[in-house]
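Engineer: When you get a sec, could you give me coordinates for this:
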Amino acid sequence: MPSLRRVDSIHSYITASSNFWDRGLGHGVRPPVPTCPLFRRQPRLLSPKLHHRYNDNSEKVCYYVGNKEREANCNVNPGGERRFMDTVKILEVKENVFDANEVNARTVREQLTKEGRLVINVMSSPGSGKTTMLVRTINMLQPKFRVGVLECDIDASVDAQTIQAAGGKSIQLHTGGMCHMDAQMTKQGLDAMGMDDVDVCFIENVGNLVCPAEYDTGAQVNITILSVPEGDDKPAKYPLIYQVSELVLINKIDAMGIFDFDKELVEERIHKQNPEAKIIYISAKTGEGFDEWIAWLKNKLQERNA
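Structural biologist: Coordinates of the predicted model:
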């Protein structure tokens, strides 16, 4: 009997998209739990194409993942035991999604570089102070630099309204339940917002320490915000987001005396994941540390326009 790999985990990406069915990848119904032992639990968002019992007492179960067929042939012996007769075809959806996104990201980044525009992907957990940081950044950059922000959330538009009230150009992107931005979303957002009157654009990614780090948005720069109340252990627990970030802003340092936050330890943990990462301590509430952050940002703008 050939060994089989379970692929339940690959469905998590597809499940996150609320318009999965609308794209024609599903067929409108959830599948019944098949009797074939390959599917010991009901696979989510795999739609049944065919489920026949043949005269030779065998079953054929065909499912679609995207536009690819996945099938398993089972033999049913007189005692009711089912055994695999053929090799199961498996489509690694997650790998294909990553590959396609990498291609899109390179295209977006090349176009931005050609046009001399700077896009910065801002990642963090919810409540770290991304929007407050961006509001103060806009106030300090204007009027010399024009700022745009792609506000990315599952729902609502409060952050985009806050950015516009601060004088920035903004558009609200609803991710349809997805926990991250990807390169195609970035392109759609930039096209919809318009970049002709924008010098630097920030992508305020969905608040999440896991998924946003896995998907290249096409931005030239990734930065992460870590707030003091979250604790100094986050770089150890969520390493990838720090590995892909060029800069880490440690926000809410005005609350440093309230929380047990070890600066030396957090720096050690960040540099263990990324020895080249720059660390800047800021308070978006009081403005402390913002001169260093704005100087770093202006240097990036000069590099882009050189």
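Engineer: C-alpha only now, for contacts and for neighbours.
Structural biologist: Noted.
Engineer: what ranges do the strands span in the stretch 101-250 of the chain?
Structural biologist: Secondary structure of the stretch 101-250 of the chain (DSSP state E, counting those that start in this stretch): strands at 118-124, 147-153, 169-174, 200-204, 221-227, 247-251.
Engineer: Reformat these as a markdown table; add mean pLDDT, distance to T186 and mean neighbour count.
Structural biologist: Below are the strands of the stretch 101-250 of the chain laid out as a markdown table (pLDDT from 0 to 100; distance: least, C-alpha to C-alpha, whole Å; neighbours: other C-alpha atoms under 10 Å):
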| stretch | mean pLDDT | distance to T186 | mean neighbour count |
| --- | --- | --- | --- |
| strand 118-124 | 98 | 10 | 25 |
| strand 147-153 | 95 | 8 | 26 |
| strand 169-174 | 94 | 9 | 22 |
| strand 200-204 | 97 | 8 | 22 |
| strand 221-227 | 98 | 13 | 23 |
| strand 247-251 | 98 | 20 | 23 |
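Engineer: which residue packs closest to K187, ignoring adjacent ones?
Structural biologist: Spatial nearest neighbour of K187, chain neighbours left out: V108 (6.6 Å); criterion: C-alpha to C-alpha, 6 or more residues apart in numbering.
Engineer: Show me how the record splits this structure into domains.
Structural biologist: Using automatic domain parsing, the domain parsing of the chain gives 8-91, 103-305.
Engineer: re earlier: among the strands of the stretch 101-250 of the chain, which comes closest to F261?
Structural biologist: strand 221-227 (9.9 Å; C-alpha to C-alpha).
Engineer: Does anything pack onto that closest one? Which helices or strands?
Structural biologist: With contacts defined as 3 or more C-alpha pairs under 8 Å, 6 or more residues apart in numbering; DSSP states H and E, strand 221-227 has these neighbours: strand 118-124, strand 247-251.
Engineer: Out of those, which is closest to V158?
Structural biologist: Here strand 118-124 is closest among these (C-alpha to C-alpha), at 17.4 Å.
Engineer: where does this protein dip in pLDDT?
Structural biologist: 1-97, 306 (pLDDT under 70).
Engineer: What are the contacting residues of stretch 221-231?
Structural biologist: 119-125, 128-130, 234, 241-242, 244-253, 255-256, 259-261 (C-alpha atoms under 8 Å, 6 or more residues apart in numbering).
Engineer: For A295, see how far away Q302 is.
Structural biologist: 11 Å (C-alpha to C-alpha, to the nearest Å).
Engineer: same check, this time on I203
Structural biologist: According to C-alpha to C-alpha, I203 stands 19 Å off from A295.
Engineer: try K169
Structural biologist: Per C-alpha to C-alpha, K169 is found 21 Å from A295.
Engineer: Could you do M181 as well?
Structural biologist: 27 Å.
Engineer: quick one, which of those two is more surrounded?
Structural biologist: The neighbour count for M181 versus A295, taken as other C-alpha atoms under 10 Å, is higher for M181 (26 against 11).
Engineer: residues contacting that one?
Structural biologist: C152, T175, N205, V206, P212, Y215, T217.
Engineer: Same check on I253?
Structural biologist: I253 touches S227, V228, Y281, I282, S283, counting by C-alpha under 8 Å, 6+ apart.
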